Structures are given as structure tokens and as C-alpha cells.
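Asker: next input, structure requested:
(one chain, ligands or ions: 2)
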Amino acid sequence: MGALPMLHLLLPILAMLTFPMTQLKPVAAQRLYADSRWIVDETGRRVKLTCVNWPAHLKPLLAEGLSERPADAIAKKIREMGFNCVRLTWALELPMNETLASLTVERSFQNLGLSEALVGIKSNNPSLVNLPLMEAYKSMMTSLRNNKVMVILDNHLTTPGWCCSADDGNGFFGDKYFDPQVWIQGLHKMATMATGFSNVIGMSLRNELRGPRQNVDDWYKYMQEGAKTVHAANPNVLVILSGLNYDKDLSFLRNRPVSLSFTKKLVFEMHWYGFTNGQAWQSGNPNDVCGAVSNDVMGQSMFLLEQGYPLFVSEFGIDERGINVNDNRYFNCFMAMAAEFDWDSALWSLQGSYYLRQGVVGMEEYYGLFNYDWSGVRNSTFLRRISALQSPFQGPGGKPTVAHKVIFHPLTGLCILRRSRSSLLVLGPCEYSEPWNYTPQNALQLVGKLLYLRAVELGSPASLGMTPTDPGVKWEMISASRMHLSSKARDGSTVCLGVSAGNTVVVEACKCLSDDSSCDPASQWFKLVDRTRL
Ligand SMILES: *[C@@H]1O[C@H](CO)[C@@H](O)[C@H](O)[C@H]1NC(C)=O
Ligand SMILES: *[C@@H]1O[C@H](CO)[C@@H](O)[C@H](O)[C@H]1NC(C)=O
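Answerer: Numbering: from 1, shown residues only. Ligands and ions are numbered 1, 2, ... in the order given. As a prediction, this is how the structure comes out:
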């Protein structure tokens, strides 16, 4: 009793002491595990990896952007943009070529004639200038650790430079610059080095295997050996294995699992871009292409989730200027699948520009989150859109709730919400979505309420009806993408759900259902996404 009056005085102090720690816990020092398809922490709660790639494997062998901004400011901004992790790339020569790794940053930049970038590094990151390249790399890991950003070390290639082509000698075990034994030694060194960094939670063994030498038998032989080596040197890290054909193809695993002596540490990774399918998105009808490509992705890699392995989509991204039709169309399909499968991912990429890429000094990266001079975000609309993927929809932890659906709109990254208890339906942040059920009668019902999504007439807002037998409350998913939500208007015509200016959900004529490649139906795409946690 006597202690009670004191409590209100203590509470603010307790809050100060405990709040920052609990808040930072999900990304502070920790070990992660694979628990069936989820990546979880020591208490079994899901940690959804929302990473961004930060390249440090190009010729200068220094993480990009350090001529433009202090490392610490970049790391802070990564957190601010909603990412909890970085896929930090490295070239095999960094641990294995003493001559190269012992060059100072200054010497490395001088050798490449990058005098302007060097001036920038001297002013933004003076402490790096005289560090050997390996120490500078570790210094990035420290900056990220100080800012509670998790790190996945990714062996991107052997020879420093831009990656990847089929004949660059870096593609597969046995290629000119890809000696498996040197690679194993390099993995051992990096894994050992990483034991000193509590924020390193994974190692990605080799990026985008490819080229004429690639074959399944060598994949098992060397990937298993690499995995064993990494685990022996550093049992804390997740061991991440990539597929064949530029990390598109893991289909061979369907009937032949990898054989490892350790458990709960194995993760697979895959890459998926617009150009993975050439110009298919631009030259075909987006419904048809999305249907076919999603099928393909299921068969090549995504089936692993169903088999009970985490799948890390470690490269995806688009030209953020929004001018590449192929990229734009692919990304609508990607967003839908990413929400549905709720996978772990790493965006390509962080950098707004490179010190030196493919012989070009200061090349701009239009797929980069930062703008050219790293002073701000290149496209805040894009960032807001992908933020929908940064929180988990499913998996152990969070605040569990009865399984339900949210109605996700991939074009905006938003969900259908009821505007403040009225029956007007609008798009808004998915976290505010009320739970929906998709009933056996194909009605979309607000859970626990006698309210059903309803089409009344063409051109008017969608509403909420109360009569389950009304034909306007029956919704089917049509077209090859299965993403047009289609119903019947009062006059009996077939209609689709769409979005008007101001993000009101409206009833429209279905557009661009198949064949036509000149139009884009994505404003009418909706995906019913499972949610089991809030
Ligand atoms: C090591 O790096 C130096 C400097 O870039 C280079 O000249 C040499 O060829 C490299 N050695 C190997 C074995 O790759
Ligand atoms: C951002 O992306 C959107 C959508 O793709 C595009 O319309 C817009 O022009 C882009 N903004 C900038 C500044 O590039």
C-alpha cells in the first residue's frame, strides 16, 4: 500500500528506461532462426526482414554514397525510411586479396582517378580516408550496428566491379574468377569476422549464379560445403542460398532438399525484376502476363514457402521515375504477390548514384531510394507505396487476431477502408483496415457485421449493402491475374471495382481484361490478403 503513491513518480522514469529498449529490441543484437517459413527471434516472434541493398562490391570497394553523406546519417536515414536491415555486398577479393584489401580508401580512389569523390569522402567521412578497405567495410557494419540496422553480408562476385553477365568469369563454380576453394576460404574469413558484429544476422553465400557452367550437381556440392563452412565459423547467422539462372530458379529443390548438419538456419533467396521476363510486361496484356509470370514464380521459387522454408526476395525494384512501362506493370503484380505471401525482402537499391560503375564516374541509379546526391528520397510516393510491405501481415508474434482478409490495392499499396463509420469506401493505410471475410457465397463481408461490399451502378461509389442475396454483393476475381473484383450492377451489367480521384472506391466498367497490351488495368487490381496479426 505504502508504495502506491510513489508509483506515478516512478512511472515516467520506468518508461524512460524500458521504452527505448523494448522499442529497439526487434533490430538490436540478436540471433534469428528459421521456423518453418518464418524468420523469428529467440522468443519465436517473427522478424520480417525489410532490407535494402547497399553495394560495396564495385571497383572502389567502398560502400556507395560516402562522398555525399556521413555513414551514420545514411544508416539513420535507412531506419527512417522504414527498413530494418541492409544487404551489404562484398567482393570475394576483399577478404582474399591482401594487396587490394590493405589499400587505404584514399589510395583506392586515387588509383581509379576518383579525385572528386575522394574530396567528398574527406569532408563527409574523414575517419575513413586512411583506413584499409577491409577496415572501412567493417566501419560500415559498425555504423549500421550503432543505428540498430541488421546486416546480411552478401558475396556478390569475385572481382570488384559491376555485376552480372553470363560471361564475366564470376558466374559459376569453376569459372575463371570463381575458384570454389578460394570462395570457401573467403566465406570462412567473412563469417569469422562477422562474429564480432551482433547485427550481422545472415550471410548470403553467392549472388546470381549463372552462365554456361551452371549445373544442379555442383550447386548442391558447393552450396552445402559453403553452408557448412559458414555455420561452423559463425553459428549465429542465417545461411542464405541463392538459385541458378541469376537467382531466378530454385525449382530443383522441389524434390531434392539440401542436406545440412544444422537446423533452423537455412533460408533461400530469389531475385525478381521486370526485366527478368524481358519486355513481356510491356508487350503483353498485364493481366495475362501477371497470371503467367506469377505461376512461373510459384514453380521456380515461391513453392519453398509452402514446403516450410523462408524465402528472401533479396532483389526487386523499378525505375522510380515511373517512366518504364515494363517496370511499372511488373511492379503492380509484384506488390500483390509480396503482400499475399508476406515474404522477407531487400529492395534494389539504396544508392542514388555510384562513385564509378561500368567505367562511368558518378553514374545515376534510377532504381535507388536516394536521389542523385543522396540529399533526400528520390520518390516519396514510391517509398510510401512499398511501406505497405514493411510490416508483417502474418506469422508468429504481434497481436494475434482471427484470420481475415484485407483488400489490398497494389498500385497504391493501400487497402479498402470505411471512412469513419460511414458507408463510403476509400483507400487508406492497410493497418487501419477493418477485417473482411470472403464468404463461401463470394461476398466480402465486414467481420462480425451484416455489411457487404456492394456494387450499385456504374460510375457511382461502391457501398455497403445489408442484403446477402443482393447480386451486387457477390464478387468474383476475374481475368488471368485474378485481381479484378467483379460483380453485377443493379441493371444486370458486369462491373469491376476501381478507384476514382480522391481514392474513393467506385464501380467501373471492367477494363483491359485480356489480350490488349496498350492499356493498363492496375487501377482495378485488388488482392485479398490474409492477415492473422495486427
Ligand atoms: C589483387 O589486387 C591487385 C590490385 O587490384 C590486382 O592487381 C591483382 O591482380 C589481384 N590479385 C588477384 C589474385 O586477384
Ligand atoms: C514517382 O513515381 C510515380 C509513380 O510511378 C511517378 O508518377 C512520379 O512521377 C515519380 N516522381 C518522381 C519525382 O520521379
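
Asker: looking at the stretch 201-350 of the chain, which residue is nearest ligand 1?
Answerer: Arg206 (17.1 Å; Cβ to the nearest ligand atom). For the C-beta atoms, the positions are set from N, CA and C on the backbone; glycine is no exception.

Asker: just to be sure, that residue is in a strand?
Answerer: No - under DSSP: H, G, I helix; E, B strand; the rest coil, Arg206 sits outside any strand and is assigned coil.

Asker: for it, what are its contacts?
Answerer: 155, 183, 226, 242 (Cβ atoms under 8 Å, 6 or more residues apart in numbering).

Asker: if you set the cut-off to 6 Å instead, what comes out?
Answerer: By Cβ atoms under 6 Å, 6 or more residues apart in numbering, the contact list for Arg206 reads Asn155.

Asker: then Phe331?
Answerer: Counted by Cβ under 6 Å, 6+ apart, Phe331 has contacts Ile318.

Asker: so that it lines up with my notes, have the first residue be 33 from now on.
Answerer: Right, with 33 as the first residue, what we last looked at is Phe363.

Asker: hey, what's Phe300 bridged with?
Answerer: Following DSSP bridges, Phe300 is listed with bridge partners Leu273, Leu343.

Asker: pLDDT wise, what is the residue nearest to Leu237 when sequence neighbours are not counted at?
Answerer: Leaving aside its sequence neighbours, Leu237 sits nearest to Gly258 (Cβ to Cβ, 6 or more residues apart in numbering; 4.7 Å). Gly258 is assigned a pLDDT of 98 by the prediction.

Asker: pretty sure Gly258 is in a helix, no?
Answerer: Yes - judged by three-state DSSP, Gly258 forms part of a helix.

Asker: tell me the spacing between it and ligand 2.
Answerer: 39 Å (Cβ to the nearest ligand atom, to the nearest Å).

Asker: look up how far Val72 lies from that residue.
Answerer: Going from Gly258 to Val72 by Cβ to Cβ, to the nearest Å gives 24 Å.

Asker: neighbour count winner among those two?
Answerer: The neighbour comparison of Gly258 against Val72 (other Cβ atoms under 10 Å) goes to Gly258, with 24 against 19.

Asker: looks like that one contacts Leu219 (just checking).
Answerer: Yes - using Cβ atoms under 6 Å, Gly258 and Leu219 qualify as a contacting pair, with a distance of 5.4 Å.

Asker: and stretch 488-501, end to end?
Answerer: 14 Å (Cα to Cα, to the nearest Å).

Asker: excluding its backbone neighbours, what's nearest the residue in the stretch 233-382 of the chain that ligand 2 sits nearest to?
Answerer: Ranking the residues of the stretch 233-382 of the chain by distance to ligand 2 (Cβ to the nearest ligand atom) places Gly354 first, at 2.6 Å. Using Cβ to Cβ, 6+ apart and skipping the chain neighbours, the partner closest in space to Gly354 is Asn360 (6.4 Å).

Asker: residues touching whichever residue of the stretch 383-532 of the chain sits closest to ligand 1, list them.
Answerer: Using Cβ to the nearest ligand atom, the closest approach of the stretch 383-532 of the chain to ligand 1 is made by Leu388 at 13.9 Å. Residues near Leu388 by Cβ under 6 Å, 6+ apart: Lys91.

Asker: the closest residue to Asn266 other than its chain neighbours: neighbour count?
Answerer: Sequence neighbours aside, Ala223 is the residue nearest to Asn266 in space, at 4.0 Å (criterion: Cβ to Cβ, 6+ apart). By the criterion of other Cβ under 10 Å, Ala223 has 25 neighbours.

Asker: what about Asn143, neighbour count?
Answerer: If you count neighbours by other Cβ under 10 Å, Asn143 ends up with 12.
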